[in-house]
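A.B. asks: Fold the following for me, if possible:
(one chain, ligands or ions: 1)
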Amino acid sequence: MMRELDALFERQARNWPQFAAGLAGLARARTRRVRIDWFEVFIRHIPHRMASTTAAVDRESVARRPCFLCARNLPPEEEGLPFGDDFTIYCNPFPIVDRHLTIVHSEHRPQRIANQFARMLDLAAALTGYFVIYNGPQCGASAPDHMHFQAGSRVLFPIEKDSLNLDGITIPRYARNVFVFRGRDRSALVNRMEGALDLLVEMTCKGPEPMVNIAAFYAGGEWTVYLFPRAKHRPQVFHTGELTVSPASIDLCGILVVPLAHDFEKITAEAVAAIFREVTWPQEQFNQAAQKLEEAP
Ligand SMILES: [Zn+2]
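C.D. replies: This is a model prediction of the structure:
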């Protein structure tokens with residue numbers, strides 16, 4: 001699997017000009033760290049992310065455009081690697097991190113995590129050295145109409161280091177509120193994640209699924225899953241035009257994407273912390289959920 005994936009990257013870099021341009025863009029990306037409290041966030045300036053950061057994902061806009069994840073609409077140079085009979089792995093032509101992948105369901109069906117947790121864990125286990133992410137249809141997925149995951153290299157994956165020596169289900173004083181689930185038993189972990197999702201639905205009464213971003217990786221026989229419950233899609237500074245940022249899973253895991261150079265220069269640690277606080281669940285609601293999840297069998 002990993003050898004085939006390496007070969008796919010090599011071939012696509014050679015044969016697919018748009019992907020080669022994406023790799024060149026990532027190679028030019030500037031990154032700087034800001035320290036917030038006890039942890040750091042990596043701010044990454046990537047101009048080629050502008051379209052994703054500002055994408056219109058409302059129902060009408062999505063219905064008007066051809067689906068860019070359906071196999072029949074892909075550029076002729078784009079090649080995939082099957083994962084089971086339900087997903088195909090592609091190289092992402094607008095990479096944020098090294099080895100950025102898009103993992104697309106074979107059917108054009110809405111972005112929903114229900115009944116897909118097990119597949120997400122399978123992907124994490126198969127992709128050695130990678131993280132796998134899911135962005136909810138209303139909080140980060142630029143194709144809310146077509147089920148997909150993304151993945152990327154864990155060479156830079158700040159949240160992994162930040163949560164290394166914690167055994168609780170939360171990361172205290174982390175600006176963004178996040179649940180952490182670990183386990184070696186696949187079906188037990190799937191049950192816990194489904195239970196958590198049910199609880200979030202119950203607490204928000206929002207359908208078709210609560211706003212969440214999820215990241216997972218597998219190392220040493222154990223999965224680690226980060227579940228970010230979202231309060232809103234985009235922060236106020238996006239709407240006022242102060243900062244063009246629209247956080248999704250990768251941002252919340254500690255790599256904040258800024259497509260504009262002047263945002264990259266001016267964004268402060270305080271601004272990043274405020275954005276993280278604003279887009280994830282407020283403290284009191286989060287604490288209530290954490291208490292229930294800790295008590296859950
Ligand atoms: Zn589609």
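
A.B. asks: need the residues of the stretch 51-200 of the chain near the ion, please.
C.D. replies: 67, 69-70, 108, 146 (CB under 5 Å from the ion). Where C-beta positions appear, they are placed from N, C-alpha and C, glycine not excepted.

A.B. asks: With secondary structure and neighbour count as added columns, please give the residues you listed in a markdown table.
C.D. replies: Converted to a markdown table, these look like this (DSSP: H, G, I helix; E, B strand; the rest coil; neighbours: other CB atoms under 10 Å):
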| residue | secondary structure | neighbour count |
| --- | --- | --- |
| 67 | coil | 15 |
| 69 | coil | 19 |
| 70 | coil | 15 |
| 108 | coil | 16 |
| 146 | coil | 20 |
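
A.B. asks: Check the residues you listed and tell me the two furthest apart.
C.D. replies: Spatially, the most separated pair among these is 69 and 108, at 7.8 Å (CB to CB).

A.B. asks: joint contacts of the two?
C.D. replies: Listed contacts common to residue 69 and residue 108 are residue 146; contacts here mean CB atoms under 8 Å, 6 or more residues apart in numbering.

A.B. asks: residue contacts, the nearest residue to residue 51 once chain neighbours are set aside?
C.D. replies: Of all residues not flanking residue 51 in the chain, residue 94 sits nearest, at 7.6 Å (CB to CB, 6 or more residues apart in numbering). Going by CB under 8 Å, 6+ apart, residue 94 touches 22, 25, 48-49, 51-52, 100.

A.B. asks: same thing with residue 236?
C.D. replies: residue 278.

A.B. asks: cool, and residue 46?
C.D. replies: Residue 46 neighbours (CB under 8 Å, 6+ apart): 25-26, 29, 96, 257-259.

A.B. asks: Quick check: nearest residue in space to the residue in the stretch 151-297 of the chain that the ion sits nearest to, chain neighbours excluded?
C.D. replies: Here the stretch 151-297 of the chain gets closest to the ion at one residue, residue 208, 17.4 Å apart by CB to the ion. Spatially, and ignoring its direct neighbours in sequence, residue 208 is nearest to residue 112 (6.7 Å; CB to CB, 6+ apart).
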